[in-house]
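Colleague: My questions concern the predicted model and sequence given below.
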Amino acid sequence: MNTTGFAASAPVPASVPAAAPALPRADRVRAFVRLGRPKFLVQSMMVVGLGVSMSVHDGHAFRPGWFVLTLAFAWCTHLMTHYCNEYFDLDADRANAAPTGWTGGSRVLVSGLLRPMVSLSAAFVLLFVSLGLITVMPTTGTRVMAAAIAALSWFYTAPPLRLNYHALGEVACALVLYGLGPLLACALQSGSVTGADVVYAGVVCALQFLRMSVMNLADIEGDRRTGKHTLAVALDGPGLVRLYIGGQFAVGAGMLVLAGTGVVPAAGAIAVLATAPVAAWVSRRLLTGALRRPEKANAVTFLASMHMPITACAITLSLLGSALNTDRGVPGGWLAVYGVTLTAFLVWLTGAVRSNVLRRPA
């Protein structure tokens, strides 16, 4: 792949400095890490946990090697997407006058702390690592799923597709992270997926689609000014809010129907409905125009983002609880690994809630 020729199709704005300031090495490293927005990796971590738990619930053994490979692939593609987006979204990020801690990019390139090419170079390195991981996956089906994840992640903002510039980014992001993500993790563990597995992935995929709509709504003014045609721009603010609220009701009602018809256990539906207060909180703030108020917008985008890993966690616990009540139980290795994963997530989430929701604005 010709890096120079590819990058030329999306020129960096003239207002961006050609060279970053001469920062000390430690500051450059910190800026590079911040550029990748690693705090979002908790989402892919919980996605992989959901996929492995689906496999364990289906009666398969826990395979630690494939778990490690899946998590490595998930984190590589997730970080790749962030570095890629930082480069190709630079115009839109510069036009965003009111970013939050969860939307509008890392602000590292906007501030001129690093050269834009640093971000693109990191994205290419991570892309090649991801492709290498795909080659060692065991079946054609898993390789195809992983390749689709990598392709949709890259072309989320990169030309020529630039999916998030043509009202397709919300769908692409949902499919990559919460649709194909848990199914890939499950398939790498067991070699197959069940209809119930697809339903669980579909639920969190639908919620991710709604979440991405909210995130793009927070960036709507800058996106409009730079011709970035997200779904939020296409529907405008009120239409997007109606979509979010209606979608939440549709997911909840759908789970009740699926549980009532025996497609999924009642515990699975209860797990999804238990997270509804988070969506209700976000919906209420959207109706009162909180995204137009900087002191409120950060909390809204944060909780909209956290709804998906919380839901993934709730479904996972319901699956593991169900499996523990059977003769086969749950492999001790996976209980230990997921226990550590869940503890790390809850510790991080507690601190993040304090910082983003409970802290009073200055």
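Modeller: Received it, and whenever you're ready, just let me know what you need.
Colleague: mind checking how far the closest residue to L69 other than its chain neighbours is from L41?
Modeller: Leaving aside its sequence neighbours, L69 sits nearest to L133 (C-beta to C-beta, 6 or more residues apart in numbering; 6.2 Å). For the C-beta atoms, the positions are set from N, CA and C on the backbone; glycine is no exception. If you measure L133 against L41 using C-beta to C-beta, to the nearest Å, the figure is 16 Å.
Colleague: Quick check: nearest residue in space to L120, chain neighbours excluded?
Modeller: Nearest residue to L120, sequence neighbours excluded (C-beta to C-beta, 6+ apart): Y87, at 4.3 Å.
Colleague: Assign the one you found to one of the three secondary structure states.
Modeller: When the structure is split into helix, strand and coil by DSSP: H, G, I helix; E, B strand; the rest coil, Y87 lands in helix.
Colleague: What score does it have for pLDDT?
Modeller: pLDDT, Y87: 98.
Colleague: Equivalent analysis for L184, please.
Modeller: Confidence at L184, expressed as pLDDT, is 98.
Colleague: which other residues reach the one helix or strand it maps to?
Modeller: Assigning secondary structure by DSSP states H and E places L184 in helix 181-190. By C-beta atoms under 8 Å, 6 or more residues apart in numbering, the surrounding residues in contact with helix 181-190 are 44, 47-48, 50-52, 54-56, 58, 60, 62-63, 66-67, 69-70, 73-74, 137-139, 141-142, 145-146, 149, 193, 197-198, 200-201, 204, 312.
Colleague: Only the buried residues of it, if you could.
Modeller: For helix 181-190, the buried set under the neighbour-count rule, 16 or more other C-beta atoms under 10 Å, comprises 181-190.
Colleague: now that helix, how far from the centre of its chain.
Modeller: Centroid separation for helix 181-190 versus its chain: 17 Å, with C-alpha atoms, centre = their mean, to the nearest Å.
Colleague: just the CA coordinates of the helix or strand just after that helix, formatted as PDB?
Modeller: Once helix 181-190 ends, the next helix or strand along the chain (criterion: DSSP H and E) is helix 195-218. Listed next in PDB are the C-alpha coordinates belonging to helix 195-218 (Å, rounded to 0.1, in the frame of the first residue of the first chain):
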ATOM      1  CA  GLY A 195     -29.000 -18.000  16.900                       C
ATOM      2  CA  ALA A 196     -29.000 -16.700  20.500                       C
ATOM      3  CA  ASP A 197     -25.400 -15.500  20.100                       C
ATOM      4  CA  VAL A 198     -26.500 -13.500  17.100                       C
ATOM      5  CA  VAL A 199     -29.400 -12.000  19.000                       C
ATOM      6  CA  TYR A 200     -27.100 -10.900  21.900                       C
ATOM      7  CA  ALA A 201     -24.700  -9.400  19.400                       C
ATOM      8  CA  GLY A 202     -27.500  -7.800  17.600                       C
ATOM      9  CA  VAL A 203     -28.800  -6.100  20.700                       C
ATOM     10  CA  VAL A 204     -25.500  -4.500  21.600                       C
ATOM     11  CA  CYS A 205     -24.900  -3.600  18.000                       C
ATOM     12  CA  ALA A 206     -28.300  -1.800  17.800                       C
ATOM     13  CA  LEU A 207     -27.400   0.100  21.000                       C
ATOM     14  CA  GLN A 208     -24.000   1.000  19.600                       C
ATOM     15  CA  PHE A 209     -25.700   2.400  16.500                       C
ATOM     16  CA  LEU A 210     -27.800   4.600  18.800                       C
ATOM     17  CA  ARG A 211     -24.800   5.600  20.900                       C
ATOM     18  CA  MET A 212     -22.800   6.700  17.800                       C
ATOM     19  CA  SER A 213     -25.800   8.800  16.700                       C
ATOM     20  CA  VAL A 214     -25.600  10.700  20.000                       C
ATOM     21  CA  MET A 215     -21.800  11.100  19.700                       C
ATOM     22  CA  ASN A 216     -22.200  12.600  16.200                       C
ATOM     23  CA  LEU A 217     -24.900  14.900  17.400                       C
ATOM     24  CA  ALA A 218     -22.500  16.400  19.900                       C
END
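Colleague: Which neighbouring elements make contact with helix 195-218?
Modeller: Contact analysis of helix 195-218 by 3 or more C-beta pairs under 8 Å, 6 or more residues apart in numbering; DSSP states H and E lists helix 41-57, helix 169-174, helix 181-190, helix 231-260, helix 266-273, helix 276-287, helix 294-324 as its packing neighbours.
Colleague: Please identify the most buried of those helices.
Modeller: Mean neighbours per residue, mean count of other C-beta atoms under 10 Å, is largest over these for helix 181-190, with a mean of 27.
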